[in-house]
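Enquirer: quick one, what's the 3D model for this:
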Amino acid sequence: MHAFTITPQGPFSLAAALGFLKGFTPARYHDTAQDQVLRLAFPADDGHSTVGVEVRQVDGPQGIVEAQAIVDTGLPGEGRAGTATETEPPPGMDTVRQQLARILSLDVDGSGFPQLAKGDPVVAELISAYPGLRPVCFHSPYEAAAWAVIGHRIRIVQAAAVKARIAEHHGQHVTVAGRALHAFPTPLVLRQLDRVPGLPDTKAERLRHLADAALAGDLNAGRLRAMPARDALAHLQALPGIGPFSAELILIRGAGHPDVFPRHEPRLHAAMARAYGLSNQDASDTNRLADISNHWAPYRSWVALLLRTHSGT
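Expert: Next up, the predicted model:
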């Protein structure tokens, strides 16, 4: 195992992140140990490695985040599920640290986030109700895009079960802090799957195309966040099976963009309208809602997450 630390800039609570993941259906996260250790297994950003990582926070909320990671290149048995083994030296441990920071939104300076509470009672209430909660993202834009395709037009619980089966049968198996985890398959593996039980052939084909897009760099988190948000969303919508809603999901919850207001989430808009005491007409006026969200900059994605969490959407 290879250790590293991340120092949060601004409020951050790993306990709050764990609590969020337990209720986040796509993650299917179960903290059976109840030891406040976050255990994750996921495809690395390099497209062929799999990472297992255990995460702890020292000295409570806002303390330093300590992590231990194991990386498997997956190359000898590519295309089959296997048991991750430690490699020496680890490929791209610095990159693994950056990816974990993005997953936990620790790659963003959040020291200015509490200042949003001034002059906005809604945001003040949300920050007070969920101290230290930052968005917990999908492991990568690639995995967020795969989720968007899997979950299109089916129940979220059904989609989560399909995604879990794909991980179990085709992803690497990693033991993290005493618990066996199944990572979602890397793009190199996913592109080889002809059929996926529980999914129509059209979706399986789209998953293969998304795997190719990930390998080509079209789902690179750094590239997406470096673009103007409008351009990044247009770029994502050019991918197979990705519409406006999915593009926002990938940019916000996959690439971890901290400052995008979701324009295609009616349930979020309804929750926002209730919180701000808006009329039904204003609730359907996306421009009106976006104007309000401008006061949340540069953390529009973060406030939207707290609103969704508070309303249970």
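Enquirer: how about the strands in the stretch 1-150 of the chain?
Expert: 2-6, 38-43, 50-57, 65-72 (DSSP state E, counting those that start in this stretch).
Enquirer: ok, and for the second one, which residues are buried?
Expert: Under the neighbour-count criterion of 16 or more other Cβ atoms under 10 Å, strand 38-43 has 38-43 buried. (C-beta placed from N, C-alpha, C; glycine too.)
Enquirer: would you put the C-alpha positions of that strand in PDB?
Expert: The C-alpha atoms that make up strand 38-43 are tabulated as PDB, following Å, rounded to 0.1, in the frame of the first residue of the first chain:
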ATOM      1  CA  LEU A  38     -14.000   5.200   3.200                       C
ATOM      2  CA  ARG A  39     -13.200   2.300   1.000                       C
ATOM      3  CA  LEU A  40     -13.300   2.700  -2.800                       C
ATOM      4  CA  ALA A  41     -12.200   0.700  -5.900                       C
ATOM      5  CA  PHE A  42     -12.400   2.300  -9.300                       C
ATOM      6  CA  PRO A  43     -10.800   2.500 -12.800                       C
END
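Enquirer: closest one of the buried residues of strand 38-43 to residue 106?
Expert: residue 38 (12.0 Å; Cβ to Cβ).
Enquirer: what sits against that closest one?
Expert: By Cβ atoms under 8 Å, 6 or more residues apart in numbering, the contact list for residue 38 reads 14, 17-18, 21, 54-56.
Enquirer: next one: residue 233
Expert: By Cβ under 8 Å, 6+ apart, the neighbours of residue 233 are 244, 247-248, 251.
Enquirer: hmm, back to that, which of the contacts of residue 38 lies closest to residue 181?
Expert: residue 54 (10.3 Å).
Enquirer: how many neighbours does that closest one have?
Expert: When counting by other Cβ atoms under 10 Å, one arrives at 20 neighbours for residue 54.
Enquirer: element containing residue 163, please.
Expert: helix 156-170 (DSSP states H and E).
Enquirer: give me the angle between the strand or helix carrying residue 213 and helix 156-170.
Expert: Remark: residue 213 resides in helix 201-215, with elements defined by DSSP H and E. Relative orientation of helix 201-215 versus helix 156-170 (axes from the mean of the first three to the mean of the last three Cα atoms, to 10 degrees): 60 degrees.
Enquirer: what comes up buried for helix 201-215?
Expert: Buried residues in helix 201-215, counted by 16+ other Cβ under 10 Å: 203-211, 213-215.
Enquirer: for those, which one is nearest residue 140?
Expert: residue 214 (7.8 Å).
Enquirer: surely the closest one meets residue 142?
Expert: Yes: when contacts are counted by Cβ atoms under 8 Å, residue 214 is listed as touching residue 142 (4.0 Å).
Enquirer: need the overlap of contacts for the two.
Expert: Contact criterion Cβ under 8 Å, 6+ apart; residues shared by residue 214 and residue 142: residue 187.
Enquirer: read off the pLDDT value for the closest residue to residue 295 other than its chain neighbours.
Expert: The shortest distance from residue 295 to any non-neighbouring residue, by Cβ to Cβ, 6 or more residues apart in numbering, is to residue 120 (6.2 Å). On pLDDT, residue 120 comes in at 95.
Enquirer: PyMOL command to pick out the buried ones of the contacts of residue 233?
Expert: For the buried members of these, the matching PyMOL selection, counting by 16+ other Cβ under 10 Å, is:
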select buried, resi 247+248+251
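Enquirer: secondary structure and pLDDT added to the contacts of residue 233, as CSV?
Expert: Output for the contacts of residue 233, formatted as CSV (DSSP: H, G, I helix; E, B strand; the rest coil; pLDDT from 0 to 100):
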residue, secondary structure, pLDDT
244, helix, 97
247, helix, 98
248, helix, 98
251, helix, 98
